[in-house]
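Asker: predicted model and sequence below, questions to follow.
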Amino acid sequence: MLDSKAFEFNKNDLVSLVKNAVLVGLAAVLTYVGQNLSHIDLGAGTALVVPVVTIMIDSAVKWVRDNVKS
């Protein structure tokens, strides 16, 4: 929870800001990978890689949602 006065910035604010920045960055990476997943061409290995990456993305999204407190 942000507990600083107006126009002041303390350690708790910085920690909260960094956590939000990491979550936004992770969301951007997951979105990019998810949208470009269908364009991967690894030959015969594509049939194995695509489902594994999809499961990893789904797990990461669920992990992030469970660890974020409102």
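Answerer: Structure's in. What do you need?
Asker: the helix or strand of the chain with the lowest mean pLDDT packs against which elements?
Answerer: Least confident element among the helices and strands of the chain, by mean pLDDT, DSSP states H and E: helix 46-67 (a mean of 82). Secondary-structure packing of helix 46-67 (3 or more C-beta pairs under 8 Å, 6 or more residues apart in numbering; DSSP states H and E): helix 11-36. (Glycine included, C-beta is placed from N, CA and C.)
Asker: the helix it packs on vs helix 46-67, what angle?
Answerer: 160 degrees (axes from the mean of the first three to the mean of the last three C-alpha atoms, to 10 degrees).
Asker: next one: helix 11-36 to chain centre, how far?
Answerer: Here helix 11-36 shows a centroid-to-chain-centroid distance of 5 Å under the convention C-alpha atoms, centre = their mean, to the nearest Å.
Asker: for it, name the packing helices and strands.
Answerer: Partner elements for helix 11-36 (3+ C-beta pairs under 8 Å, 6+ apart): helix 46-67.
Asker: quick one: distance of the helix it packs on to the chain centre.
Answerer: 11 Å.
Asker: please determine how far Leu37 is located from Asp58.
Answerer: Look at Leu37 and Asp58: by C-beta to C-beta, to the nearest Å, they are 12 Å apart.
Asker: tell me the pLDDT at Lys3?
Answerer: I think there's a mix-up here, since residue 3 is Asp and not Lys. You'll see Asp3 listed with a pLDDT of 67.
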